[in-house]
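Engineer: Pasting a predicted model and its sequence here:
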Amino acid sequence: MCLALGALGLALLRMLLVRVEALDGLALAFPLGAGALTWFLFLVSWLGFSLSGLAVGLVWGTVLAAALLVRWRTGPFPRPAPHRQTPDCQPTRLPPAALAGVLLVLLTATGCAAWLGISRSYSGWDDMAIWGVKGFAIAREGSIWAAGDWGDHGLAYPLNVPLLIAVLRFTGDALPASKLVFALFYLSLAAGCLRFWLQRGVAALIAVLGAFWLALTPVVFEHATLGYANLPYTFYLVAACVEAVQGFLTGNSRRLVLSGVLLGLAAWTRPEGTLAAASIIVAVLVALRIARVGKARVAAWLLPVVVLAGAWQTFVASQGVIGQIGQALQLAIEAGARGELHLDAVYWTVRFMARQSFEWSVWGLLIPACAGFLILRVRRLTPRSNPDAFLLAVMCAAVLVGVSVQFYLADFLGQLMNYLGNSANRMYMPGVVLVVLLTILLTRSPAGNGLPAAVQMPNGPVTDVSAGEPG
């Protein structure tokens with residue numbers, strides 16, 4: 001079934017990109033296919049149809065046929081006119097043998113994570129109380145409404161991961177075997193980071209070492225073996241930011257559509273995804289306006305987010321469900337009216353994460369090394385000299401601030417220390433991965449920014465050759 005999800009994602013990817021190379025497919029195909037299938041299954045069940053193996057097959061076949069039909073009807077996408085690039089702005093190419101070696105290492109790490117994950121089954125609190133049990137319940141009763149009766153938090157949590165687990169149950173896989181999907185998201189995250197660095201002109205050796213470094217970070221590898229939704233969520237959010245950088249700087253609406261889909265799937269994976277998507281959107285639009293970086297094609301970016309996230313939020317609102325974030329926000333507004341600001345929550349959050357940053361068993365040397373390097377290179381984070389790094393830094397800041405706001409709000413529930421102890425590292429994971437992306441990106445020489453020279457000029461962005469025409 002995982003291969004079928006990958007095939008579906010590959011068809012959707014080919015609908016948007018002219019050329020889909022090995023790293024493109026490895027990074028995006030499975031997560032894209034998985035998220036699309038579960039979202040359409042959610043709509044089918046919401047409309048009152050029963051979910052079963054047959055229903056999964058019909059929905060999969062329908063979405064696949066639609067993607068192939070659109071690709072066929074549009075024909076080969078017009079190849080844009082070539083543009084001049086300076087030699088130091090060319091994307092980095094890995095020789096086939098080197099690429100095969102890198103993929104072998106990543107596949108070996110993924111295999112180890114899959115074996116450990118299946119062996120430990122759903123043994124953590126959240127994967128037992130939320131994700132695993134809700135997926136089992138949906139498969140057992142053939143309806144998304146079962147998720148409201150089984151496990152914790154009712155229908156307050158998005159159903160991407162539970163429905164993905166249910167899909168594998170429908171197709172005959174045993175429950176622990178569905179843990180394989182988390183290892184596949186782990187592989188996609190590492191491959192996606194490597195793909196981004198190579199496309200932005202980072203030296204091949206540094207890009208490869210960066211991917212290995214991230215993949216072997218303890219907290220990241222651990223979540224490849226757990227049944228939590230944080231790793232899938234991290235992938236969707238990071239991949240959305242990566243495609244947004246590519247899309248805005250080249251003015252390519254197809255990449256922005258892909259970014260919007262991934263951002264919408266992030267909101268379809270974790271409850272804080274909608275808040276994160278809103279934070280990123282606001283921050284990027286302000287940056288585009290003030291710094292005049294790239295070309296804004298806002299509709300292409302926002303429409304998929306509105307459709308994917310809006311459907312889930314509409315469903316939640318129709319059920320009268322108020323999640324923890326909503327409850328905390330209500331309490332914060334009431335406390336603010338009384339002059340209670342809870343500013344000590346900011347101190348405790350910063351102090352906790354500062355200490356966690358030096359925990360070798362959690363982050364290794366990842367955060368201290370990245371922080372030190374970024375301090376040295378902070379002068380290069382300007383929209384003119386490094387527009388791609390500048391945009392990535394804006395999105396990274398939006399994600400980190402958004403997570404910090406959630407912990408600030410948690411203090412109004414009286415749960416700050418509990419939340420910090422149980423979930424701080426995994427909730428900050430998307431922001432930390434974006435910090436790593438930014439750090440490796442800034443290892444490029446000062447002369448090279450990974451972009452054609454035309455991007456730095458006020459005449460407008462260049463065309464993205466790999467993703468079709470800019471319009």
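Structural biologist: Here it is on my side, so go on.
Engineer: Toward the C-terminus, what is the element adjacent to the strand or helix carrying A276?
Structural biologist: For A276, the element it lies in under DSSP states H and E is helix 273-291. Using DSSP H and E, the helix or strand that follows helix 273-291 in sequence is helix 298-318.
Engineer: Give the buried residues for the helix or strand that that following helix is followed by.
Structural biologist: Next along the chain after helix 298-318, taking DSSP H and E as the criterion, comes helix 324-337. The neighbour-count check on helix 324-337 (16 or more other CB atoms under 10 Å) flags Q324, I325, A328, L329, L331, A332 as buried. The C-beta positions use only the backbone N, C-alpha and C, and glycine is treated the same way.
Engineer: what sits up against helix 324-337?
Structural biologist: By CB atoms under 8 Å, 6 or more residues apart in numbering, the surrounding residues in contact with helix 324-337 are 153, 156, 271-272, 275, 322, 341-342, 406, 408-410, 412-413.
Engineer: Quickly check those residues for the two that are furthest apart.
Structural biologist: H153 and L341 (28.0 Å; CB to CB).
Engineer: which of these two has more neighbours?
Structural biologist: Set H153 next to L341 and count neighbours by other CB atoms under 10 Å: H153 wins out with 16 against 12.
Engineer: close enough to count as contact, that one and R270?
Structural biologist: No. Taking contacts as CB atoms under 8 Å, H153 lies outside contact range of R270: 11.8 Å.
Engineer: if we can go back for a sec, and the contacts of helix 324-337, which is the shakiest by pLDDT?
Structural biologist: The lowest pLDDT within those belongs to I322, with 78.
Engineer: and which of the contacts of helix 324-337 is nearest I138?
Structural biologist: Minimum distance to I138 across the contacts of helix 324-337 is 14.7 Å, recorded for H153 (CB to CB).
Engineer: Setting the sequence-adjacent residues aside, check what's closest to the closest one.
Structural biologist: Using CB to CB, 6 or more residues apart in numbering and skipping residues adjacent in sequence, the residue nearest H153 is I130, 6.2 Å away.
Engineer: try Y428
Structural biologist: Using CB to CB, 6+ apart, the nearest residue to Y428 is V403, at 5.5 Å.
Engineer: Return the distance of the host helix or strand of that neighbour from the chain's centre.
Structural biologist: For V403, the host element (DSSP H and E) is helix 387-410. Here helix 387-410 is found 14 Å from its chain centre; the criterion is CA atoms, centre = their mean, to the nearest Å.
Engineer: Looking at P461 now. What's its pLDDT?
Structural biologist: Confidence score, pLDDT, at P461: 42.
Engineer: Can you check what angle separates the helix holding V403 from helix 324-337?
Structural biologist: Between helix 387-410 and helix 324-337, the angle comes out at 70 degrees (axes from the mean of the first three to the mean of the last three CA atoms, to 10 degrees).
Engineer: Which secondary structure elements does helix 387-410 sit against?
Structural biologist: In terms of contacts (3 or more CB pairs under 8 Å, 6 or more residues apart in numbering; DSSP states H and E), helix 387-410 is packed against helix 230-250, helix 273-291, helix 324-337, helix 344-356, helix 416-427, helix 429-441.
Engineer: let's go with 6 Å and repeat that
Structural biologist: helix 230-250, helix 273-291, helix 344-356, helix 416-427, helix 429-441 (3 or more CB pairs under 6 Å, 6 or more residues apart in numbering; DSSP states H and E).
Engineer: Burial-wise, tell me which of those comes out on top.
Structural biologist: helix 230-250 (a mean of 28; mean count of other CB atoms under 10 Å).
Engineer: model confidence over that helix, on average?
Structural biologist: 93.
Engineer: Helix 298-318 and that helix, what's the angle between them?
Structural biologist: Using the same axes, to 10 degrees: helix 230-250 against helix 298-318 is 150 degrees.
Engineer: Show me the contact partners of helix 230-250.
Structural biologist: Identification of contacts with helix 230-250 by CB atoms under 6 Å, 6 or more residues apart in numbering yields 31, 182, 185, 188-189, 192, 196, 223, 255-256, 258-259, 262-263, 265-266, 269-270, 294, 387-388, 391-392, 395, 426, 429-430, 433, 455, 461-462, 464.
Engineer: Pull the number of nearby residues for the residue nearest to H153.
Structural biologist: Neighbours of I130 (other CB under 10 Å): 24.
Engineer: correct me, but it touches G151?
Structural biologist: Yes. Counting by CB atoms under 6 Å, I130 does reach G151; the two are 5.3 Å apart.
Engineer: what about the residue lying farthest from the centre of the chain, distance to F412?
Structural biologist: Computed with CA atoms, centre = their mean, the residue of the chain farthest from its C-alpha average is R338, at 37.8 Å. R338 is 11 Å from F412, where distance means CB to CB, to the nearest Å.
Engineer: Please tabulate the helices and strands packed on helix 387-410 in JSON lines and include distance to R14 as additional columns.
Structural biologist: Listed next are these as JSON lines, based on distance: least, CB to CB, whole Å:
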{"stretch": "helix 230-250", "distance to R14": "15"}
{"stretch": "helix 273-291", "distance to R14": "25"}
{"stretch": "helix 344-356", "distance to R14": "41"}
{"stretch": "helix 416-427", "distance to R14": "33"}
{"stretch": "helix 429-441", "distance to R14": "25"}
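Engineer: A207: which of those helices is closest?
Structural biologist: Across the helices and strands packed on helix 387-410, closest to A207 is helix 429-441 (CB to CB), at 6.7 Å.
Engineer: what's the angle between the closest one and helix 387-410?
Structural biologist: On the basis of the same axes, to 10 degrees, helix 429-441 is oriented at 160 degrees to helix 387-410.
Engineer: Going by contacts, tell me the helices and strands next to helix 429-441.
Structural biologist: helix 230-250, helix 366-377, helix 387-410.
Engineer: Measure how the helix holding V403 sits relative to helix 366-377, angle-wise.
Structural biologist: Orientation check (the same axes, to 10 degrees): helix 387-410 against helix 366-377 gives 130 degrees.
Engineer: any weak-confidence spans in this protein?
Structural biologist: For the chain, the stretches with pLDDT under 70 are 18, 75-89, 173-175, 293-296, 446-471.
Engineer: Residue nearest the middle of it, spatially speaking?
Structural biologist: For the chain, Y236 is the residue whose C-alpha lies nearest the centre (CA atoms, centre = their mean; 1.8 Å).
Engineer: how close does it get to G227?
Structural biologist: Y236 is 17 Å from G227, by CB to CB.
Engineer: Same question for L187.
Structural biologist: 17 Å.
Engineer: which of those two has more neighbours?
Structural biologist: Using other CB under 10 Å as the criterion, L187 and G227 rank with G227 on top: 28 against 24.
Engineer: quick one, what contacts the residue nearest to the more buried one when sequence neighbours are not counted?
Structural biologist: Of all residues not flanking G227 in the chain, D127 sits nearest, at 2.9 Å (CB to CB, 6+ apart). Shown in contact with D127 (CB under 6 Å, 6+ apart): L226, G227, Y228.
Engineer: I'd guessed the first one sits against S123; true?
Structural biologist: No. If you go by CB under 6 Å, L226 and S123 don't touch, sitting 8.4 Å apart.
Engineer: out of those two, which sits in the busier spot?
Structural biologist: Just comparing L226 and S123: by other CB under 10 Å the higher neighbour count belongs to L226, 22 against 14.
Engineer: Done for today, thanks.
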